[in-house]
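Q: Quick one: sequence and predicted model below, then my questions.
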Amino acid sequence: MSYELNCMSTDTKNYDVIVCGAGHAGCEAALAAARMGARTLLLSGNLDTVAQMSCNPAIGGQAKGQIVREIDALGGEMAINTDLTGIQFRLLNESKGPAVQSPRAQCDKKAYQFRLKHTLELQVNLKLFQATVTGLIFDSGPGGVRKVTGVRTNLDLEFYGHTIVVTTGTFLRGLMHIGQNKNEGGRLGDFSAKTLSASFLEAGIELQRLKTGTPPRISGRSIDFSQMEIQRGDTSPTFFAFHDTRDSEPLFHVEHGSPCGEQRLGWTPGSDQVPCWLTHTTERTAQLVRDNLHLSAMYSGEIEGVGPRYCPSIEDKFVRFADKPRHILYLEPEGRATNEYYINGLSTSLPFPVQVEMVRSIPGLEKAELVRPAYAVEYDFAPPTQLLASLESKLVENLFFAGQINGTSGYEEAACQGLVAGVNATRKARGEAPLIIGRNEGYTGVLIDDLVTKGTTEPYRMFTSRAEHRLLFNHGSAELRLEHLARQFGLLSRGRLARIFAKRQRIENSIGFLESNRPRVGSGVGQGTWGDLLRRQQCSIAAVSSSEEILPSELSSLSIAERDEVLYRVTYAGYLARELRHVARLQEIEKVKISADFDFSLVKGLRAESMAKLKSVRPLSLGQASRISGVNPADISILLIYIETRRKKGR
Amino acid sequence: MTEQKPITEPTDTIVALATAPGTAALALIRASGGACRALAAEVFDIEIGSLQERRYRHSNYSALDRQILDDVVWCFSSGPRTFTGEDTLELSTHGNPLIVQRILADMLIRGCRSAEPGEFTRRAFLNGRMDLTQAEAVMDLIHAQSERALHAARRQLEGSLGLHLEGLIADLLGVLARIEVYIDFPDEDLPPEDRALVLATLVDVLRGTERLLATHRYGDMLRDGFKTVLLGVPNVGKSSLLNAMVGRDRAIVSPEPGTTRDFIEERVHLGPHLLRLIDTAGLNPTPGIIERLGMDKTIARLPEADIILWITDGTMPPPKPPSELLPYMNTGRILLVRNKADLAMDNPATGNSKEKRDLNTADPTLSVYVVSALTGMGLVDLQAAIIARADTLGAAFPGDDLIAINSRHADALSRAKSGLLAAQAGLLAERSAPSELVSSDVRMALDALGEVSGRIDNERMLDALFSTFCIGK
């Protein structure tokens, strides 16, 4: 890898990939493209808000934590950035099986941004520039817009690139509501991308409105923590990045740029954790909400966008679950060097004076000072069924979308899309086939497949229950699951790939050992192999980790992560085998690819309904086609035969 | 094109009934895929190495529980010189839908799966067993088959089957939502996990699934007649009675005991009902080796019998019920027939009331009929009693509610049932199974129900979840 920034042309016409927006999607897109060697430009309306956590200061959680580990396995930045700037780490669902355990971290909001911005600054092949994208430059033909060639900015500068990745977040015609008060902008204190929507409409891309919201921030000095329950981090933190296989080369990651990254942060990752605090709403809170419901932007008809069901405003909670007397609230610290606290659970669009009264009705917050109001924000998104599975627009060639513009919600959901879009924008610029992650390979695959195949009507958040092969997606296996893709698409260094390969070998050999060797008799262990013994005891992994003698001494050299993986695969062998059989059965059609320009109307025998659906979704694999509602197995058979016939004739 | 590997996974073995469903002389079951060789070796109990190809053989099909389901003629052929280009196993069974269903169910339990419409043809094409010019015809064929299947399925789902199924699916989605919410929202302020409610609903769904499955048997009864087993020690005249009721010589009638060693089946209409009379080998208290085999088969048929005609020799003193019959005493299923009334005229042991009293203490529902197969004496009364019994059975069918599901549905429902049973076991285990495993079993059941009703999208579970629980910190 070269350390010189010489490949970057100083003119504005010569990029491989231009990324618009430097949020969680944009940062990953730009880094992925640049790390693959593409000449990349990252444009942001404000370089001081790169990788900002607009809502709560936390990364991970159910399903999202697994996604972050997948991002690390694909060479992305979110995992390592969280590990180095996290101020509280918890593993969720520790009492359940490994497949549904998820790491979660509170982050120092500013440290997170600074470190990621510095990473971008040091990244070879990547240029950052502050400008607001106001429109797209199209190459139009007689039939209308065909492909995108560049972007226009508010500085009247134009930038040209092979491919464009658009990550607008909530900024596309963003409109904020606080009661009857309205402000244009994608985030409090920020601007709104007002004109870019017109470019999409010009190209025939349909836009719709979504809504999300955020709670008030309060001053920590005004909080009476003695009335609250403390929630501390785990004593041994679960990190997101795979530190056992990661590179230590300088510049590959910014933390190695200084003699010791931790010194610059001011703390050692995982140490000196900061607690969260639990409190709850009261009858007075409920009364205030009920009395002022007509003033809420949500309930007075001011907002047309659809909000998420899993993240309702406090108004929604008291209206839809009127019999629930109180709702739990978490106070999350926004960082080490700030006294701001985020009130998780109190998202609202009530007028500011009501917000103040409401906050002060909460135990421990009687004297709370609000430093930022809660608000709802409405924004444009482009229904993602208009995308191919590569995240490229079906309507405009070379145009890729990632993050909230695709109707998702969440930093992690945005980041993994950004990474895939960045990879595929680079691949497209080179005329290479896109990266498409299978539904059996990771949450990232499930997320993108759901979006482009089924679309969404509310801000889409990942749940583990959305993944039919969830049992295969334990967070510790992300690297093993995605290794082949990282290798094929050149997303990780050779050194790291070799270390992952060796890790896999150790795990597989250990499983082989456990399944073919018997424990010494006489210790009351009964019949069978080590594997049988472990399954019979139904050892919970946690219990085993703390008592090492349960495993034979031959496996004592395994790392804790490796041992956890071995134990998971052995104790859950029956269920995992069933899952793998299920996957194998689906692979028959999953591995049959359909080209992006395939003409479904040439396939005779398809039912009219199926034909219409297929033409609209334009699936890139037969497996994806089979998941379109209304397309039945017979249609898939017919399609398969047609494709095979064409392939054979083509020889 | 020799480098082209079959596109199908070697382990993915499909199975289907190749002949038309319903009662016929023979039924052809066909399996295709990598598991056929092992399957043949297992069900016919043959060393896998000594399995001969392309040879027709006659063997007993033994199910996973070692029960013999039928004697079948079968042939194993290894790919690629087969219709599909894969290893293929074909079985000709007796054309009884119940036998077919049981064999199919057994093959599914052993890891095969039901073929989709046109899937054999599709595999044949993909494995290069068909000419390219035939491709269009194949597509038309699949199209036609699926239209028929769709039409049939739609008609069925419009009726009460669809209604019942929807109820089960809605309940099961509720169960799943109650499990999933504690997995996906661990930090939420949720009410304590109510596993008792989950278990209770799960058991309700399980019962509902079993009820639907049972209608498969109602369907059998309606199509094939009430199974009526003729049972008794050798030489009491079972075959003569069968012939008398059918009206012609069907069973070989011989004065030598133990002549009828296999089943003889005959369908007769009695009043409004169709009966399937099954004549079995006699129940000999001290059987020879060959007879033993026949008797085992007889006993095996008893659980599925709707009516048991226990035939005794009227010239002999009243017998004690054989031990095999004891489980069916007091079920109202047994009719005691005292045959050879013509010879018993001068026998003091015949027809006296003491005999009836003795037997009635064993089974108050037992009625006694004195008949002569030879002269036809008492046959009318016996027939009337059988009709009455069939009336009772028929009344057990809920009139409007009659759902007769087909074999494909029954396969899917059986898999749903096993998923539900596994989930139930997980919930009941001393250290109850982790939620994600219980969920995995429930999902297996839901997927199986979805094969009958149409695919069930996960969005419906989320709808149930968000409408039941207040989520959102």
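A: Perfect, I can see it now. Numbering: from 1, shown residues only, chains lettered A, B, ... in the order given.

Q: Can you list the low-confidence ranges for chain A?
A: A:1-13, A:249-264, A:521-526, A:538-549, A:651 (pLDDT under 70).

Q: buried residues in the longest helix belonging to chain A?
A: If you go by DSSP state H, chain A has its longest helix at helix A:494-516. Residues of helix A:494-516 classed as buried: A:496-497, A:499-500, A:503-504, A:506-507, A:510-511, A:513-515 (neighbour count, 16 or more other C-beta atoms under 10 Å in any protein chain shown). The way it works is simple: take the backbone N, C-alpha and C, and place the C-beta from them, glycine included.

Q: Same check on stretch A:201-219?
A: Buried, per 16+ other C-beta under 10 Å, within stretch A:201-219: A:Ala203, A:Ile205, A:Leu207, A:Leu210, A:Lys211, A:Thr212, A:Gly213, A:Thr214, A:Pro215, A:Pro216, A:Arg217, A:Ile218.

Q: Stretch A:122-140 too?
A: Under 16+ other C-beta under 10 Å, the buried positions of stretch A:122-140 are A:122-128, A:131-136, A:138.

Q: can you give me the end-to-end distance of it?
A: Length of stretch A:122-140, first residue to last, C-alpha to C-alpha, to the nearest Å: 37 Å.

Q: related to what we said a few turns ago, restricting to C-alpha, output the longest helix of chain A in CSV.
A: Presented in CSV, the C-alpha positions along helix A:494-516 are these (Å, rounded to 0.1, in the frame of the first residue of the first chain):
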residue,chain,number,x,y,z
ARG,A,494,-3.6,-10.7,2.8
GLY,A,495,-2.3,-10.9,6.3
ARG,A,496,-5.7,-10.7,7.9
LEU,A,497,-7.2,-13.2,5.5
ALA,A,498,-4.4,-15.6,6.4
ARG,A,499,-5.1,-15.1,10.1
ILE,A,500,-8.8,-15.7,9.6
PHE,A,501,-8.0,-18.8,7.6
ALA,A,502,-5.8,-20.2,10.3
LYS,A,503,-8.5,-19.4,12.9
ARG,A,504,-11.0,-21.3,10.9
GLN,A,505,-8.6,-24.3,10.7
ARG,A,506,-8.1,-24.3,14.5
ILE,A,507,-11.9,-24.2,15.0
GLU,A,508,-12.7,-26.9,12.6
ASN,A,509,-9.9,-29.1,13.8
SER,A,510,-11.0,-28.7,17.4
ILE,A,511,-14.6,-29.6,16.5
GLY,A,512,-13.2,-32.7,14.7
PHE,A,513,-11.3,-33.6,17.8
LEU,A,514,-14.3,-33.2,20.1
GLU,A,515,-16.6,-35.3,17.8
SER,A,516,-14.1,-38.2,17.4
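
Q: got the contact list for it?
A: A:242, A:244-247, A:249, A:479-480, A:483, A:486-487, A:492, A:529-531, A:534, A:551-552, A:554-555, A:558, A:562-563, A:565-566, A:569-570 (C-beta atoms under 8 Å, 6 or more residues apart in numbering or on different chains).

Q: Same question for stretch A:83-92.
A: A:59, A:61-62, A:65, A:101-108, A:111-112, A:115, A:232-234, A:237-241, A:243, A:255, A:261-262, A:265, A:269-270, A:272-276, A:333, A:335-336, B:186-187.

Q: In strands only, show me the buried residues of stretch A:122-140.
A: Of those, the ones assigned to strands by DSSP state E are A:Leu126, A:Lys127, A:Leu128, A:Val133, A:Thr134, A:Gly135, A:Leu136, A:Phe138.

Q: Next one: the second one from B:Gly237, what distance?
A: Counting by C-beta to C-beta, to the nearest Å, the gap between A:Lys127 and B:Gly237 amounts to 102 Å.

Q: Let me see the contact set for A:Ile223.
A: Applying C-beta under 8 Å, 6+ apart, the residues near A:Ile223 are A:Trp277, A:Leu331, A:Tyr341, A:Gly364, A:Leu365, A:Ala368.

Q: ok so, going back, what is the nearest of the buried residues of stretch A:122-140 to A:Arg326?
A: A:Thr132 (43.3 Å; C-beta to C-beta).

Q: circling back to that earlier point, could you list which of the contacts of A:Ile223 belong to strands?
A: A:Trp277, A:Leu331, A:Tyr341.

Q: Please pick the buried ones from those.
A: A:Trp277, A:Leu331, A:Tyr341.

Q: related to what we said a few turns ago, apply the buried test to the contacts of stretch A:83-92 and list what passes.
A: A:59, A:61-62, A:65, A:101-108, A:111-112, A:115, A:233, A:237-241, A:255, A:261, A:265, A:269-270, A:273-276, A:333, A:335-336, B:186-187.

Q: What values do phi and psi take at the residue of the stretch 301-450 of chain A found nearest chain B?
A: Using C-beta to the nearest C-beta, A:Ile328 is the residue of the stretch 301-450 of chain A that sits closest to chain B, at 3.6 Å. Backbone torsions for A:Ile328, taken as degrees, to the nearest 10, come to phi -80, psi 150.

Q: what's the pLDDT at the closest residue to it other than its chain neighbours?
A: Excluding the flanking residues, the one nearest A:Ile328 by C-beta to C-beta, 6 or more residues apart in numbering or on different chains is B:Asp189, at 3.6 Å. For B:Asp189, the model assigns a pLDDT of 82.

Q: So B:Asp189 sits against A:Tyr330, correct?
A: No: counting by C-beta atoms under 8 Å, B:Asp189 does not reach A:Tyr330; the two are 9.9 Å apart.

Q: The two: which has the busier surroundings?
A: Shown here are B:Asp189 and A:Tyr330; by other C-beta atoms under 10 Å in any protein chain shown, A:Tyr330 has more neighbours (23 against 19).

Q: just so I have it, where are all the strands in the stretch 51-200 of chain B?
A: Under the criterion DSSP state E, counting those that start in this stretch, the stretch 51-200 of chain B carries strands at the ranges B:57-62, B:68-77, B:88-94, B:113-114.
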